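Engineer: Here is my input; please provide its structure:
(one chain, ligands or ions: 1)
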Amino acid sequence: MELTIPFIICQFMGGRKNKKKKIAAVDTFPNVFQNPDFQDPHLYSSEGQQLDVKGKWNELIFKNNQPITLELACGKGEYTVNLAKKYPERNFIGIDFRGPRIFTGAKIALDEQLTNVAFARMKIENITNFFATEEVAEIWITFPDPFPKDKHEKHRLTFPKFLERYKQILKKDAILQLKTDDIDLFRYTKSVIESEKLNLVYYKEDIYATPLDFEVLEIKTFYEKQFLAQGKSINYLQFKFA
Ligand SMILES: C[S@@+](CC[C@H](N)C(=O)[O-])C[C@H]1O[C@@H](n2cnc3c(N)ncnc32)[C@H](O)[C@@H]1O
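Structural biologist: Numbers count the residues shown, from 1 in each chain. As a prediction, the model looks like this:
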């Protein structure tokens, strides 16, 4: 296919239109809760209702008492949706600040009537505004942006300041899991775990080189599939604060 300038402009305009459509659709999804103004410590439902969900996700949203897993930087929410199908006795919340990405996972969850799935469009920096002490039982961080430059270290989702926030909302013995293609971010995270004197539970570089130790690692995200197609290897670790 020839990549002419009109073709590229058409693709770009089509992409923008599609994005707008997804944003409009996400606004109507009852399983998506949004924080459109990052300064405002509230989430809003699809009906525009201001929700005070901190400490009340199970009571107000899931209407049960199941443990809550978060997928941070969830993008299209592959872990959120697939783990939810696999573990109906748990609740799953995908978190990302980009609505068009959340659209995909939220739509699948609605179409398949998964009642243990929600999505929150928010900045992870503000996570303690929306979750109370020990409200969360587990965190997955899936293919976060690596921020390779030293001057951007504070934006990495495993920078100590982020870990402090996660610690505030996690139950005492909770497991955090990181899956990434980026070996520098992966080794950086290990060094943070060690310097912060946390408990590294599992660490493996190039997980697909040998049989998988955990079946859930078979779930592959949108970015992961792209990285694998580029011949990159995938890495996975687990750690705890306790
Ligand atoms: C490389 S993508 C990975 C998406 C998905 N986990 C996957 O593997 O396909 C990183 C995602 O992190 C989200 N993100 C980055 N920084 C964030 C932040 N501070 N708060 C919320 N989401 C963030 C981006 O919007 C993007 O969807």
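Engineer: Report the closest residue of the protein relative to the ligand.
Structural biologist: residue 75 (2.6 Å; C-beta to the nearest ligand atom). Every C-beta, even on glycine, is put in place using the N, C-alpha and C of the backbone.
Engineer: How about that residue, nearest residue that isn't a chain neighbour?
Structural biologist: Take residue 75 and drop its neighbours on the chain: the residue closest to it by C-beta to C-beta, 6 or more residues apart in numbering is residue 101, 4.6 Å away.
Engineer: tell me the secondary structure for the one you found?
Structural biologist: helix (DSSP: H, G, I helix; E, B strand; the rest coil).
Engineer: for residue 239, phi and psi?
Structural biologist: phi -150, psi 170 (degrees, to the nearest 10).
Engineer: What of residue 195?
Structural biologist: When read as degrees, to the nearest 10, the backbone of residue 195 gives phi -70, psi -30.
Engineer: Next: residue 132.
Structural biologist: According to degrees, to the nearest 10, residue 132 has phi -90, psi 170.
Engineer: Could you do the one 5 residues further on as well?
Structural biologist: Phi and psi for residue 137, reported as degrees, to the nearest 10, are phi -100, psi -20.
Engineer: Pretty sure it sits against residue 171.
Structural biologist: Yes. Contact status for residue 137 versus residue 171: in contact at 5.4 Å, counting by C-beta atoms under 8 Å.
Engineer: ok, now which ones touch the residue nearest to residue 75?
Structural biologist: Contacts of residue 101 were listed using C-beta atoms under 8 Å, 6 or more residues apart in numbering, and they are 74, 75, 76, 77.
Engineer: so what's the third one up against?
Structural biologist: In this case it means residue 76. Neighbour list for residue 76: 101, 102, 103, 104, 105, 221, 222 [criterion: C-beta under 8 Å, 6+ apart].
Engineer: Redo those residues as a markdown table? Include distance to the ligand and pLDDT.
Structural biologist: Below are the contacts of residue 76 laid out as a markdown table (distance: C-beta to the nearest ligand atom, whole Å; pLDDT from 0 to 100):
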| residue | distance to the ligand | pLDDT |
| --- | --- | --- |
| 101 | 5 | 94 |
| 102 | 9 | 96 |
| 103 | 12 | 97 |
| 104 | 10 | 96 |
| 105 | 10 | 98 |
| 221 | 3 | 98 |
| 222 | 4 | 98 |
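Engineer: Not including adjacent chain positions, what is the nearest residue to residue 67?
Structural biologist: Leaving aside its sequence neighbours, residue 67 sits nearest to residue 137 (C-beta to C-beta, 6+ apart; 3.6 Å).
Engineer: Burial check on the one you found, number of neighbours?
Structural biologist: Residues near residue 137, counting by other C-beta atoms under 10 Å, number 17.
Engineer: Quickly check the contacts of residue 76 for the two that are furthest apart.
Structural biologist: 103 and 221 (15.1 Å; C-beta to C-beta).
Engineer: Would you map the strands across the protein?
Structural biologist: Assigned by DSSP state E, the strands in the chain fall at 32-34, 43-44, 50-51, 68-72, 91-96, 117-121, 136-142, 170-180, 199-204, 235-240.
Engineer: Go through the ones you listed and pick out the most buried.
Structural biologist: Sort these by mean neighbour count, taking mean count of other C-beta atoms under 10 Å, and strand 91-96 sits at the top with a mean of 27.
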